[in-house]
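Peer 1: structure for the following, please:
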Amino acid sequence: MHDRDFLSLYIKVDKFIKDAYSSNEGVSEYIRQMEINCGKGYTYVQSWRNDYIELKRVRWLRNQLVHDDIFEGEEEDYDWLENFYNRLFTADDPLSRIRKVSQTIQRKPVQQTTQPPKPSTNQQLYRKTETWYGYNWHSKSNLEYVQFKEEIPPQKRPSLWERIIRFFFG
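Peer 2: Numbering: from 1, shown residues only. Modelled structure (predicted):
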């Protein structure tokens with residue numbers, strides 16, 4: 001691999017990113033977008049960290065080649081850049097993958113129902129019931145019986161003032 005091959009491939013990648021992101025900076029813009037979206041990137045893209053580090057390294061190699069006329073790149077750097085370029089074309093690069101995941105999340109329909117949610121097996125649904133006890137002394141035995149009223153639907157809770165009046169005056 002020659003430094004000219006590396007530089008021509010870098011220019012292709014840079015031009016592609018400039019066109020795709022309508023930017024003047026290309027690879028630097030892509031790195032900036034990765035830094036902005038790093039939370040989603042680490043969550044949804046397995047190769048995020050490696051791609052970020054390699055992209056910064058490739059930019060550093062290009063800057064070194066152009067400004068200092070020194071090239072310390074290896075065959076692996078060229079291979080990685082070529083692979084990244086192919087992933088850009090197939091929309092399998094890190095930022096494209098985040099966009100796909102975000103669109104999938106936004107498309108999920110929100111379930112809207114007017115009925116209250118059904119409790120799961122671990123939850124219990126409590127209803128307020130009113131009970132009263134009646135005492136009936138039978139002639140043959142002193143047995144106490146308890147009579148339960150039917151379950152009544154929940155009602156509006158009385159105000160504090162109404163509860164105080166009911167407490168003192170029945």
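
Peer 1: and the lowest-mean-pLDDT helix or strand in the chain, C-alpha only, in CSV?
Peer 2: None of the helices or strands of the chain scores lower by mean pLDDT, DSSP states H and E than helix 94-107, at a mean of 85. Provided in CSV are the C-alpha atoms of helix 94-107 (Å, rounded to 0.1, in the frame of the first residue of the first chain):
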residue,chain,number,x,y,z
PRO,A,94,-22.7,3.6,12.8
LEU,A,95,-24.7,6.7,12.2
SER,A,96,-27.0,5.0,9.7
ARG,A,97,-27.6,2.2,12.1
ILE,A,98,-28.6,4.7,14.8
ARG,A,99,-31.0,6.4,12.4
LYS,A,100,-32.6,3.0,11.5
VAL,A,101,-33.1,2.1,15.2
SER,A,102,-34.5,5.6,16.0
GLN,A,103,-37.0,5.3,13.1
THR,A,104,-38.0,1.8,14.3
ILE,A,105,-38.6,3.1,17.9
GLN,A,106,-40.7,6.1,16.6
ARG,A,107,-42.9,3.8,14.4
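
Peer 1: what does the next helix-or-strand element following it rub up against?
Peer 2: Using DSSP states H and E, the helix or strand that follows helix 94-107 in sequence is helix 160-169. Helix 160-169 is contacted from outside by residue 158, using CB atoms under 8 Å, 6 or more residues apart in numbering. C-beta: built from backbone N, CA, C; applies to glycine.
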